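Asks: take a look and give me a structure for this.
(one chain, ligands or ions: 2)
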Amino acid sequence: MIDEELCINCGKCAKECSFGALDFKEKKVRYQGGCVACGRCMSFCPTSAIMVNDVPNIFPHHPWFTERDRRAIAAQARSGGVLLSSCGTDLPYRSIYDDLLLDAAQVTNPSIDPLREPIETRTYLGRRSGKLCIEKRGKKYELVSGDGAIVSMDMPIMIGHISLGSVSYNTQKALFTAAEHLNIVAGSGEGGLHPDFFNFAHRINSEVASGRFGVTPEYLKRVAAVEIKIGQGAKPGHGGHLPGEKVTEMISQTRMIPEGTDALSPYPHHDIYSIEDLQQLISVLKEATDYQMPVGVKVAAVHNIGAIASGIVRAGADFMTIDGFRGGTGSAPRVIRDHAGIPIEVAIATVDQKLTEEGLRNKVTLCASGSVRSSADMIKIIALGADVASVCTAAMVAMGCRVCQHCHMGICAWGIATQKVELASRLDPKIAAMSVVNLFRAWNEELREVLGAMGIDSVESLVGNRDRLRYVGPNPKMAEVMDVKHVGEGWG
Ligand code: SF4
Ligand code: SF4
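Replies: Ligands and ions are numbered 1, 2, ... in the order given. So this is what the prediction gives:
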């Protein structure tokens, strides 16, 4: 909506709108339709004359055929095709995070003041040895793994996999720069690593997906960790698709595919049909990297995730990422994104219980991804059983993303999910990186505050400590499945 009294017809909003929703002709701005609510126009209007409002419902109210349903039917009646979307689902499923409350220390278990006493948030990615191994390196003592390589991170946060292609060069540069500043790890996404980013390689978790794009021994030997991607929370059971128009010269060189061709990742890995096959690929990657880095496996959270996780650890994975329903994506069929998988809260609690029962939990670092929005979500997922929260969308929001769910169109007005040079140049990688650094530093400070309030001096002691959570939601069965007591229930 444009307020005609405030508008000075400078045309800035039309210039900033990459979705063609605004037209500037004869010194007058007019709305053309097709606004995706990316919010760019509002940010650049010098007189606050433009507002993005919910479009009034043009369909009569119906409790069963919602406006969303009818818009989808109309779109498919026109196109005859699969509806695509980006980011996580926007259907109003209940948030389990919001049904959990944290405990705090009182009287007999005193709290700890994080300003006066140390609280450890350092986290390790890799296979645990089951015993403490410490080596003196120069003047410092370092924790080393007894069973394989480990990567140290200053906080229990990883930046998840966001590939070059789905996002711009500047976006990846900002994410890698942030990982370097924070001493954490960032995912490469599927698509190799641009040579300009080789200097960040020691902070990169490199993804080996079914398309094997850009995967070379030369590249793998430089990175901090390698992760085989079997599945993704936003589209379980589905492969990847980077449209040909996004495969620019730079992307074609990095992914090692012809320019302008669609980059299609098959749904399954064509060499993995059993746990034994997975074991073989894990061994091959360990051998290719001289056993110098942890090798992990990423799967989507699905109904039998406990048994799948057990198999993955037995196959030799050093770390495992469970990517929950609600997880973000650059592009996915809406029907899969909105209706397949299980919530990450339930998946992590189930996997932690299953691996503990089978005596496997200490062998693997468990990473949880799937729309962690805040430090509270991160703390709760750790208490449910994760060692590390893997975060993508929140990092993009820190850089300016408005979660408009149109990344798949490749014309992001904020310069994040695009390969168009004129749009990508809108994102300053230095400013974007510092925004991500500030966000995760703030989350880590909040983690320390909460740990102190709980009387816990190390984040490791919170991992899987479900006794420090209480369920306040409407479904006691949910609490039982997650092994979390209902509010009002005490210890023991
Ligand atoms: S940016 Fe604001 S003032 Fe300029 S044309 Fe658009 S609505 Fe009018
Ligand atoms: S990255 Fe850009 S296109 Fe994608 S959701 Fe965010 S603002 Fe929208």
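
Asks: just give the nearest non-adjacent residue to whichever residue of the stretch 251-400 of the chain sits closest to ligand 1, would you?
Replies: The nearest approach of the stretch 251-400 of the chain to ligand 1 comes at G400, 17.6 Å away (C-beta to the nearest ligand atom). All C-beta atoms are positioned from the backbone trio N, CA, C, and that covers glycine. In space, G400 comes closest to W414 once its chain neighbours are excluded; the distance is 4.4 Å by C-beta to C-beta, 6 or more residues apart in numbering.

Asks: part of a helix, is that neighbour?
Replies: No - counting by DSSP: H, G, I helix; E, B strand; the rest coil, W414 is not part of a helix but coil.

Asks: show me what contacts it?
Replies: 38, 40, 399-402, 426-427 (C-beta atoms under 8 Å, 6 or more residues apart in numbering).

Asks: CSV please, covering these and showing neighbour count, secondary structure and pLDDT.
Replies: Listed next are the contacts of W414 as CSV, based on neighbours: other C-beta atoms under 10 Å; DSSP: H, G, I helix; E, B strand; the rest coil; pLDDT from 0 to 100:
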residue, neighbour count, secondary structure, pLDDT
C38, 25, coil, 93
R40, 25, helix, 94
M399, 25, helix, 97
G400, 22, coil, 96
C401, 23, coil, 96
R402, 20, coil, 94
R426, 19, coil, 97
L427, 23, coil, 97
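
Asks: looking at those, which is nearest G341?
Replies: Minimum distance to G341 across the contacts of W414 is 22.3 Å, recorded for C401 (C-beta to C-beta).

Asks: now I431: how far from A347?
Replies: The gap separating I431 from A347 is 35 Å, by C-beta to C-beta, to the nearest Å.

Asks: between the contacts of W414, which sits nearest ligand 1?
Replies: The nearest one, if we look at those relative to ligand 1 and count by C-beta to the nearest ligand atom, is R40, at 10.3 Å.

Asks: which non-adjacent residue is nearest that closest one?
Replies: Nearest residue to R40, sequence neighbours excluded (C-beta to C-beta, 6+ apart): A413, at 3.8 Å.

Asks: now the one you found: how far from M1?
Replies: As judged by C-beta to C-beta, A413 and M1 stand 18 Å apart.

Asks: who has more neighbours out of the two?
Replies: Counted by other C-beta atoms under 10 Å, A413 and M1 do not tie: A413 has more neighbours, with 25 against 9.

Asks: quick one, what contacts that one?
Replies: Per C-beta under 8 Å, 6+ apart, neighbours of A413: 16-19, 38, 40, 423, 426.

Asks: same list (those) but as a markdown table, adding distance to L462.
Replies: Below are the contacts of A413 laid out as a markdown table (distance: C-beta to C-beta, whole Å):
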| residue | distance to L462 |
| --- | --- |
| E16 | 43 |
| C17 | 45 |
| S18 | 43 |
| F19 | 43 |
| C38 | 37 |
| R40 | 39 |
| L423 | 41 |
| R426 | 39 |
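
Asks: excluding chain neighbours, what is closest to S369?
Replies: Excluding the flanking residues, the one nearest S369 by C-beta to C-beta, 6+ apart is S390, at 3.6 Å.

Asks: A strand includes the one you found, no?
Replies: Yes - membership of S390 in a strand is supported by three-state DSSP.

Asks: that one against S371, yeah?
Replies: No - counting by C-beta atoms under 8 Å, S371 is not a contact partner of S390; they are 10.7 Å apart.

Asks: looking at these two now, which is surrounded by more residues?
Replies: Taking other C-beta under 10 Å, S390 and S371 do not tie; S390 has more neighbours (27 against 24).

Asks: for the more buried one, what are its contacts?
Replies: Going by C-beta under 8 Å, 6+ apart, the list of residues near S390 reads 157-160, 187, 321, 323, 367-369, 372.

Asks: mind checking which of those land in helices?
Replies: Among the contacts of S390, no member is found in helices (DSSP state H).

Asks: residue of the stretch 51-200 of the chain nearest ligand 1, please.
Replies: Counting by C-beta to the nearest ligand atom, the stretch 51-200 of the chain gets nearest to ligand 1 through M51 (9.1 Å).

Asks: and the residue nearest to G400, how far is that from G359?
Replies: 47 Å.

Asks: hmm, stretch 436-454 in reach of ligand 2?
Replies: No - interface with ligand 2: stretch 436-454 contributes nothing (C-beta under 6 Å from any ligand atom), its closest point being 13.7 Å away.

Asks: buried sites along that stretch?
Replies: Neighbour counts over stretch 436-454 (16 or more other C-beta atoms under 10 Å) mark 436-437, 439-441, 443-444, 447-454 as buried.

Asks: closest to ligand 2 among these?
Replies: Using C-beta to the nearest ligand atom, V436 is the member of these that lies nearest ligand 2, at 13.7 Å.

Asks: give me every residue in the protein lying close to ligand 2.
Replies: Residues of the chain lying near ligand 2 (C-beta under 6 Å from any ligand atom): 38, 86-87, 396, 401-407, 412, 414, 416-417.

Asks: filter the residues you listed to the buried ones?
Replies: 38, 86-87, 396, 401-407, 412, 414, 416-417.

Asks: give the helix, strand or coil label for the closest residue to F176 other than its chain neighbours.
Replies: Distances taken as C-beta to C-beta, 6+ apart put F200 closest to F176, at 3.9 Å, once the chain neighbours are dropped. Look at F200: counting by three-state DSSP, its state is helix.

Asks: just the one 5 residues further on next, same as before
Replies: For N205, the reduced secondary structure class is strand; criterion used: three-state DSSP.

Asks: tell me the spacing between it and H339.
Replies: Counting by C-beta to C-beta, the gap from N205 to H339 is 29 Å.

Asks: just P236 next, same as before
Replies: 10 Å.

Asks: neighbour count for these two, which is higher?
Replies: P236 (23 against 11).

Asks: so the residue nearest to the more buried one when sequence neighbours are not counted bridges to which residues?
Replies: Leaving aside its chain neighbours, P236 sits nearest to A300 (3.6 Å; criterion: C-beta to C-beta, 6+ apart). Going by DSSP bridges, A300 is paired in beta bridges with D323.

Asks: so A300 sits against D323, correct?
Replies: Yes - counting by C-beta under 8 Å, A300 does reach D323; the two are 5.3 Å apart.

Asks: anything in contact with each of these two?
Replies: With C-beta under 8 Å, 6+ apart, A300 and D323 have common neighbours 231-233.

Asks: need these in a markdown table with distance to ligand 1, pLDDT and secondary structure, can you?
Replies: A markdown table is the format used below for those (distance: C-beta to the nearest ligand atom, whole Å; pLDDT from 0 to 100; DSSP: H, G, I helix; E, B strand; the rest coil):
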| residue | distance to ligand 1 | pLDDT | secondary structure |
| --- | --- | --- | --- |
| G231 | 43 | 94 | coil |
| Q232 | 38 | 93 | coil |
| G233 | 38 | 92 | coil |
